[in-house]
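Q: fold the following.
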Amino acid sequence: MGSPRVSHRPQARRRILCVFPRYAPSFGTFQHGYALIPGVRAFMPPQGLLVIAAYLPKEWEVRFIDENIRLPSEADYRWADAVLMSGMHIQRPRIQRINEAAHRHGKLTVLGGPSVSASPECYPDVDVLHLGELGDATDALIEFLDRETARPAGQRVFATAERLGLEEFPIPAYGLIDMRRYMLASIQFSSGCPYRCEFCDIPALYGRRPRLKSAPRILAELDAIRAAGAQGAVYFVDDNFIGNPKATRELLPHIIQWQRDRGYPLSFACEATLNIAQWSDILEQMRTAKFHSIFCGIETPEPEGLQFMHKEQNLRQPLIDAVRKINGYGMELVAGIILGLDTDTRQTVDRVLAFIDESKIPMLTINLLYALPKTPLYDRLRAEHRLTEDTTRVSNIVFRMPYAEVVSMWQRCIAEAYDPLRLFERFAHQTEVTFPHRLSAPLNPTPEQLLRGLNILSRVMWSVGVCADYRGTFWRLAGPLLRAGRIEEIINMGVIARHLIRFTREALAGRGEACFYAEQGADVLAP
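A: Numbers count the residues shown, from 1 in each chain. Model prediction:
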């Protein structure tokens, strides 16, 4: 199951170098937490490129490099017949650097993924473009590479007309990576989202009708992830885990049984729209399956802003009530917040901070609005002549408010939200109203797992409990938890707090971006 091969049987033997570009540091990449977890060097495995690597003919040699782990060497480029890349808009500078390095070695380059699929015009120097998802274009690309690997005289483009069903995707090529190097493992159940938020490119890229994998297929992938060495949490990278609520309801009992049969070896996290709070039965199933966190795009606490961006699903119940409901099922909510909306005023930052204080959400990704291609927002702002290519800005939008004022609002927001005292107050709330509601699953750790847990705990104690200037604030919460034996909560809190506080301080010092999607300043490594 999960290992279909392309119909084309290659005549040539090829060496394919798959390179995933490094991410720029951000609130959501947790790079300051890696030092506390033995061996960890990156956030999540690059799911899409691993699927492509698995789909390539088995007769070909494939080497996989995630730049978040290490950079390609000169020897890697010399070894390859062709270099395959994938990435998001924020990775564009690194994609260009990889392309240049491959060309210096005379190698053919191929680029696929969400960025090039939305904006192929941004990559005129790449030899071959793959637009869209896995499908007929992928088969045509493989046939092309089988015939030749010399750089073409002009750019070649393969565009998917007929997509492969998710069930037909191969299981990602986990054997090409060291899963222990990642903070989280990842898995995909569905693709697409039925909603039409103005700033989101998912409907245009992947459709509004979610496509699905079967429950047996998901369980097979979980077995593969576990066999590859994953420890801890697995993140469902679906655009919206409840894009099809009926399918989610049908999947969860299978995951619950899988967990029971194996002694609950993993926990889960996902991304979903906030209206998940309306479905108590799904939340209870998720609790029983050992889901520990959900990322929800709150975006703004101001109703007029939500209406303007067509995110009415966030208005179906009061935001605070939805947060409390999710917490009541043992799941911590991670929130996305956007500043720079057309509806923002000088009072918006006060309302955002008030919402953070009231909701007691510890982790929020707070970004400036950025207009992605293939979104209604991009089209509207282009018609209004409000897109800018000013490289001194971290957003491509001409805001209604003065740019400097919007940035100042963002700076104030992150400074106050991630002040250590306020952050740990929110963590304390979670220890009282969220964590006690989690499933009390039987624990049968191996000696290796016990040693690893003690190693992480000792690193948290040293880095946060001894060396950090906010250690007193940490111990006021960690002390009682330690006496109660709530070690997992201490580790979770320490790792996240170290990253959020350090990244905030770097951002306020001008060494971090105000927008996750911004390309400017994202090229943090030189080859």
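
Q: tell me if I'm right that residue 456 and residue 35 touch.
A: No - using CB atoms under 8 Å, residue 456 makes no contact with residue 35, being 10.5 Å away. No exception for glycine: its C-beta is placed from N, CA and C like everyone else's.

Q: those two: who's more crowded?
A: Remark: of residue 456 and residue 35, residue 456 carries more neighbours, 21 against 14, as counted by other CB atoms under 10 Å.

Q: would you say that one is within a strand?
A: No - under DSSP: H, G, I helix; E, B strand; the rest coil, residue 456 falls outside any strand and is assigned helix.

Q: give me the distance between the longest helix seen in the chain and the centre of its chain.
A: In the chain, with assignment by DSSP state H, the single longest helix is helix 487-508. Relative to its chain's centre, helix 487-508 lies at 18 Å (CA atoms, centre = their mean, to the nearest Å).

Q: ok, now which ones touch the nearest residue to residue 119 once chain neighbours are set aside?
A: Once flanking residues are discounted, residue 119 sits nearest to residue 373: 4.6 Å by CB to CB, 6 or more residues apart in numbering. Counting by CB atoms under 8 Å, 6 or more residues apart in numbering, residue 373 touches 89, 118-119, 201.

Q: distance of residue 373 relative to residue 177?
A: 30 Å (CB to CB, to the nearest Å).

Q: ok, now residue 143?
A: 27 Å.

Q: other SSEs contacting the lowest-mean-pLDDT helix or strand in the chain?
A: Every helix and strand of the chain was ranked by mean pLDDT, DSSP states H and E. The lowest is helix 202-206, at a mean of 91. For helix 202-206, the contact count by 3 or more CB pairs under 8 Å, 6 or more residues apart in numbering; DSSP states H and E identifies helix 114-118 as packing neighbours.

Q: residues contacting whatever helix or strand residue 157 lives in, please?
A: Assigned by DSSP states H and E, residue 157 belongs to strand 156-159. Residues outside strand 156-159 that contact it (CB under 8 Å, 6+ apart): 120, 127-132, 137-138, 140-141, 144.

Q: convert the C-alpha atoms of it to PDB, please.
A: Extracted as PDB, the C-alpha positions of strand 156-159 are listed here (Å, rounded to 0.1, in the frame of the first residue of the first chain):
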ATOM      1  CA  ARG A 156      10.700  23.800 -20.100                       C
ATOM      2  CA  VAL A 157       7.400  23.800 -18.300                       C
ATOM      3  CA  PHE A 158       5.300  20.800 -17.200                       C
ATOM      4  CA  ALA A 159       1.800  21.700 -15.900                       C
END
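
Q: ok, residues contacting the next helix or strand along the chain from it?
A: Next along the chain after strand 156-159, taking DSSP H and E as the criterion, comes strand 185-187. With contacts defined as CB under 8 Å, 6+ apart, strand 185-187 is touched by 44-45, 47, 179, 218, 221-222, 225, 228, 230, 232-237, 266.

Q: do that again at 6 Å, thanks
A: 44-45, 47, 221, 225, 230, 234-237 (CB atoms under 6 Å, 6 or more residues apart in numbering).

Q: check the gap between residue 20 and residue 91 for me.
A: From residue 20 to residue 91 the distance is 8 Å (CB to CB).

Q: how about residue 23?
A: From residue 23 across to residue 91, the span is 7 Å (CB to CB).

Q: which of the contacts of strand 185-187 tops the neighbour count?
A: That'd be residue 45 among the contacts of strand 185-187, by other CB under 10 Å, with 31 neighbours.
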